[in-house]
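need a 3D model of the following:
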Amino acid sequence: MKHIGTKEIHTERLLLRKIRMDDAQDMFEQWASDPRVTQYLTWPPHKSVEDTKQIIALWMKDLDEPQVYRWVMESKTLGKVIGTIDLVSVDSRHRCGTFGYCLSADHWNKGYASEALHAMLKYLFVEGDFHRIEATHLIENPASGRVMVKCGMKEEGVKRQKFLGHDENFHDLVIYGILKDEFLAR
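Below you'll find the model as predicted:
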């Protein structure tokens, strides 16, 4: 498997690119401080833009490593970042990656997540030679699963009470996967 890292990807409405520190204000305002968004994430809403800057600094440390795949979604019309999409884990031996994404609630149900996911899958399967990509979502967030299905992923099961949320409750996770051959056949 060849690791190719985070390179710019252009879609019709989005620029997927590396995060920068000057994205902190947009990230904070668009989604990091919004409890509607963070209820489905591993971290609680940011209380200040300083919290957001700390996360960005952490993400930027290894951003140039070839095995790191981490993008912000920048709206071409707004010129603002509206979300993130990245591989949260990579298994090089089995050529598999697990992704996650996060999108501003103001941009939900407008096709942005599907557009970003499709572009990322194409990049990983065609240029990165991944064999399998998978993801999970909290069972309480079926809209996330619809994004995955729209991009050709198949529901594979439920991991019962697998996720301890920042609300201190355990949640079921629904797992989806797609193979390179399945994606290329679409």
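
is Ile55 located within a helix, as I assumed?
Yes. According to DSSP: H, G, I helix; E, B strand; the rest coil, Ile55 belongs to a helix.

contact partners for it?
Counting by CB atoms under 8 Å, 6 or more residues apart in numbering, Ile55 touches Ala32, Trp43, His46. For glycine as for every other residue, the C-beta is placed from the backbone atoms N, C-alpha and C.

so which of those residues are in strands?
Counting by DSSP state E, no part of these is found in strands.

most neighbours among the residues you listed, which one?
Taking other CB atoms under 10 Å as the neighbour criterion, Ala32 ranks highest of the contacts of Ile55 with 26 neighbours.

ranges for the strands of the protein?
Under the criterion DSSP E, the chain carries strands at the ranges 9-10, 14-17, 70-75, 81-91, 96-103, 132-138, 154-164, 170-179.

which residues sit against the first one?
Among residues not part of strand 9-10, those counted as contacts by CB under 8 Å, 6+ apart are Leu15, Leu16, Arg17, Trp71, Ala119, Met120, Tyr123.

count the residues that sit near the last one.
It refers to Tyr123. With neighbours defined by other CB under 10 Å, the count for Tyr123 comes to 18.

coming back round to it: got a quick ChimeraX command for the buried subset of the contacts of strand 9-10?
Restricted to the buried members of the contacts of strand 9-10, where burial is judged by 16 or more other CB atoms under 10 Å, the ChimeraX selection command reads as follows:
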select :15,16,17,71,119,120,123
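
got the contacts of strand 9-10 as JSON lines, with pLDDT columns?
Output for these, formatted as JSON lines (pLDDT from 0 to 100):
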{"residue": "Leu15", "pLDDT": "98"}
{"residue": "Leu16", "pLDDT": "98"}
{"residue": "Arg17", "pLDDT": "98"}
{"residue": "Trp71", "pLDDT": "98"}
{"residue": "Ala119", "pLDDT": "98"}
{"residue": "Met120", "pLDDT": "98"}
{"residue": "Tyr123", "pLDDT": "98"}
